[in-house]
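Q: Can you look at this prediction? I've put the sequence above it.
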Amino acid sequence: MPTLSILIPVYNEQAYLERLVDRVVAAWLPENLQKEIIIVNDASKDRTSEVIRKLIERYPMIRSFDQPANFGKGAAIRRAIEEMTGDFAIIQDADLEYDPNEYHLILKPLLEGYADVVYGSRFASREMRKVLLYHHKLGNYLLTFLSNLVTGLDLTDMETCYKAFRGQVLKSIPLRSNRFGIEPELTVKIAKRGLSVYEVPISYHGRKYNEGKKIGWKDGISAIWTILKYWFLDDYAKESDVLQVQSSPDSLRRYYHDIVRRSLPYWGNRILELESHVGLISRLLPQREKLVVSDHREECVHFLKNLYDGNAVVDVIRLDLNSDVDSEVNSDESVRNNEFDSVLYVHGLQKTKDDLAALKRIYNMLCSGGKAILVVPQYPSLFCELDKTLGYRRRYTKRDIIRLCQASGFRVVSCRSVHAAAYFAWLINGIWLRRSNIGKVQLKILNMLTPLSGYLPLPGGNLFVAAEKTEPPNK
């Protein structure tokens with residue numbers, strides 16, 4: 001059975017904890033979800049430890065862990081994440097401000113496959129709300145506004161406690177904040193990862209400071225610093241994550257949008273994306289009748305299956321253009337039956353062992369009149385250690401790629417030089433400085449300049465190619 005991990009950081013909550021846990025245990029969960037309750041006692045000085053011991057005797061689903069000192073809410077949540085084993089996770093404060101009976105509302109977008117993360121908003125429209133302390137609410141609005149300004153998200157309540165995640169996603173995010181900065185830190189890193197975020201309205205029964213509320217104005221100042229800090233730093237994925245280099249569209253967001261924008265005139269209703277990595281481009285593609293995303297790496301296929309789990313429009317397959325067997329046996333029926341009218345292949349052709357054979361396989365995946373949309377690196381003179389690091393085997397001239405497409409049976413509809421910023425990035429780093437990688441700051445600059453470079457008469461680092469299937473490929 002799939003499991004929901006309920007993460008409860010606790011500090012001096014002897015008055016509320018028992019009633020809260022009773023409500024958590026009694027809360028109904030959809031789709032036969034099992035509960036795992038993780039309580040982390042942040043060195044409480046009251047009778048909280050005694051209450052936890054009684055709760056463990058009463059409810060076997062509880063696992064409890066003690067912090068050696070009072071490090072703060074963020075540190076307690078980090079410990080809970082380390083100990084959790086669930087397929088999904090939700091953060092629950094150890095008071096009665098949030099109602100566990102609303103878990104099913106928050107989990108719905110996750111279980112239906114729409115979301116990676118769901119925020120329970122105290123300020124989204126709903127039938128009834130408790131009147132809150134105005135200055136506290138104003139502080140929330142200001143922090144949410146600043147967070148949205150930096151991240152580009154459109155949240156109504158960034159500081160909400162109720163945040164639910166796919167378990168794998170939450171475990172892959174490195175967290176540093178010890179206190180209440182955990183909320184803005186999570187939000188910035190979720191945005192940088194390009195995760196699918198939903199909000200649902202929830203009820204909120206806020207308590208006053210004389211009732212045990214702990215967050216104060218100093219935490220508000222700290223939250224502002226945290227937002228700015230993690231907006232500047234690219235600390236969004238753990239070093240141990242195999243996919244961390246590809247797991248965030250933030251540094252190249254405009255670059256990917258530019259590719260999708262140029263591709264729009266050539267889309268059909270049945271799209272296949274090759275070398276999808278972790279879906280950085282597929283998330284931006286227009287909604288059509290069918291979208292199939294693919295990759296040859298098992299870890300990417302696994303990531304994509306979790307990403308699109310429950311999505312009726314998107315299928316995920318393993319497909320390797322370097323292997324005839326993989327294309328014919330391990331892919332789905334639509335690949336074998338030439339059912340696609342659009343195939344997108346971004347920065348992949350230059351990595352193949354035999355680019356002509358790869359293009360012929362793409363040709364065979366398309367229906368008559370279907371379009372292949374390619375983005376490949378330009379100028380063989382720019383080939384350097386930087387290309388080798390990225391797995392490139394070659395670069396192309398316009399004449400090279402046009403001849404290659406024609407030899408595969410395609411008619412080239414468009415072949416344009418694009419992304420001037422990428423040209424200068426390669427020229428400076430790869431040729432002049434002989435570097436084997438490009439720094440994150442430079443990637444952000446490249447991303448920022450992408451829209452501008454399309455209006456300047458400069459050499460482009462890539463070629464954008466649209467080719468139409470018109471005749472049998474040449475043997």
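A: Looks like it came in fine. Numbers count the residues shown, from 1 in each chain.
Q: Tell me which stretches of the stretch 1-150 of the chain form strands.
A: If DSSP state E, counting those that start in this stretch is used as the criterion, the strands of the stretch 1-150 of the chain fall at 3-10, 34-41, 62-66, 88-91, 117-121.
Q: got the contact list for the fourth one?
A: Identification of contacts with strand 88-91 by CB atoms under 8 Å, 6 or more residues apart in numbering yields 2-7, 9, 33, 77, 81, 103, 106-107, 110-111, 161-167, 170. Using the backbone N, CA and C atoms, a C-beta is placed for each residue, glycine as well.
Q: again, only this time at 7 Å
A: 4-7, 77, 103, 106-107, 110, 161-167, 170 (CB atoms under 7 Å, 6 or more residues apart in numbering).
Q: Likewise for the third one?
A: When contacts are taken as CB under 7 Å, 6+ apart, the neighbours of strand 62-66 outside the stretch itself are 37-41, 52, 55-56, 79, 83.
Q: any chance of the strands of the stretch 1-150 of the chain in JSON lines, with distance to residue 24 too?
A: Supplementary listing: these in JSON lines, determined by distance: least, CB to CB, whole Å:
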{"stretch": "strand 3-10", "distance to residue 24": "6"}
{"stretch": "strand 34-41", "distance to residue 24": "6"}
{"stretch": "strand 62-66", "distance to residue 24": "9"}
{"stretch": "strand 88-91", "distance to residue 24": "10"}
{"stretch": "strand 117-121", "distance to residue 24": "14"}
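Q: out of these, which comes closest to residue 268?
A: Residue 268 lies closest to strand 117-121 among those, at 31.7 Å (CB to CB).
Q: and that closest one, what does it pack onto?
A: helix 103-111, strand 163-166, strand 197-201 (3 or more CB pairs under 7 Å, 6 or more residues apart in numbering; DSSP states H and E).
Q: Which of the three states applies to residue 459?
A: Three-state call for residue 459 (DSSP: H, G, I helix; E, B strand; the rest coil): coil.
Q: Could you report the neighbour count for the closest residue to it other than its chain neighbours?
A: Spatial nearest neighbour of residue 459, chain neighbours left out: residue 423 (5.0 Å); criterion: CB to CB, 6 or more residues apart in numbering. Residue 423 is flanked by 21 other residues according to other CB atoms under 10 Å.
Q: Does residue 423 touch residue 462 like I think?
A: No. Checked against CB atoms under 7 Å, the pair residue 423 and residue 462 is beyond contact range at 8.3 Å.
Q: Of the helices and strands packed on strand 117-121, flag the one that's most buried.
A: The highest average neighbour count among these, using mean count of other CB atoms under 10 Å, belongs to strand 163-166 at a mean of 24.
Q: just checking, what packs against the helix or strand that comes right after it?
A: With elements assigned by DSSP states H and E, the helix or strand that comes after strand 163-166 is helix 167-171. In terms of contacts (3+ CB pairs under 7 Å, 6+ apart), helix 167-171 is packed against strand 88-91.
Q: Show me how far the strand it packs on is from its chain's centre.
A: Taking CA atoms, centre = their mean, to the nearest Å, one finds the center of strand 88-91 at 17 Å from the center of the full chain.
Q: Sheet partners, orientation included, of it?
A: strand 3-10 (parallel), strand 163-166 (antiparallel) (DSSP bridges).
Q: coming back round to it: nearest to residue 391, out of the helices and strands packed on strand 117-121?
A: Using CB to CB, the nearest of these to residue 391 is strand 163-166, at 28.7 Å.
Q: pLDDT on the closest one, on average?
A: The predicted model assigns strand 163-166 a mean pLDDT of 94.
Q: Contacts for it, please.
A: Contacts of strand 163-166 (CB under 7 Å, 6+ apart): 88-91, 106-107, 110, 116-119, 186, 306.
Q: Narrow the residues you listed to just the buried residues.
A: For those, a burial check counting by 16 or more other CB atoms under 10 Å picks out 88-91, 106-107, 110, 116-119, 186, 306.
Q: Looking at those, spot the one nearest residue 262.
A: Closest to residue 262, out of all of those and judged by CB to CB, is residue 116, at 27.3 Å.
Q: That closest one reaches residue 168, doesn't it?
A: No. Using CB under 7 Å, residue 116 is not in contact with residue 168, being 9.3 Å away.
Q: Show me the strands in the stretch 301-450 of the chain, by range?
A: 314-318, 340-346, 366-377, 410-418.
Q: so what strands line up beside the third one?
A: Looking at strand 366-377 with DSSP bridges, its partner strands are strand 340-346 (parallel), strand 462-469 (antiparallel).
Q: Residue 96 is nearest to which of the ones you listed?
A: Closest of the strands paired with strand 366-377 to residue 96 is strand 340-346, at 50.2 Å (criterion: CB to CB).
Q: Take the closest one, keep the C-alpha atoms, and write them as CSV.
A: The C-alpha coordinates for strand 340-346 follow below in CSV (Å, rounded to 0.1, in the frame of the first residue of the first chain):
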residue,chain,number,x,y,z
PHE,A,340,3.6,10.5,-34.6
ASP,A,341,3.3,13.7,-36.6
SER,A,342,6.0,15.5,-34.6
VAL,A,343,9.3,14.4,-33.1
LEU,A,344,11.4,16.7,-31.0
TYR,A,345,15.1,16.0,-30.6
VAL,A,346,17.0,18.8,-28.7
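Q: Identify all contacting residues around it.
A: Applying CB under 7 Å, 6+ apart, the external contacts of strand 340-346 come out as 259, 263, 266-275, 281, 334, 362, 365-367, 370-375.
Q: How about stretch 98-118?
A: 23-24, 27-31, 88, 90, 92, 120, 161-166, 169, 190, 195-198, 200, 202-204, 308-311.
Q: Residue 300: what secondary structure?
A: Residue 300 ends up helix, using three-state DSSP.
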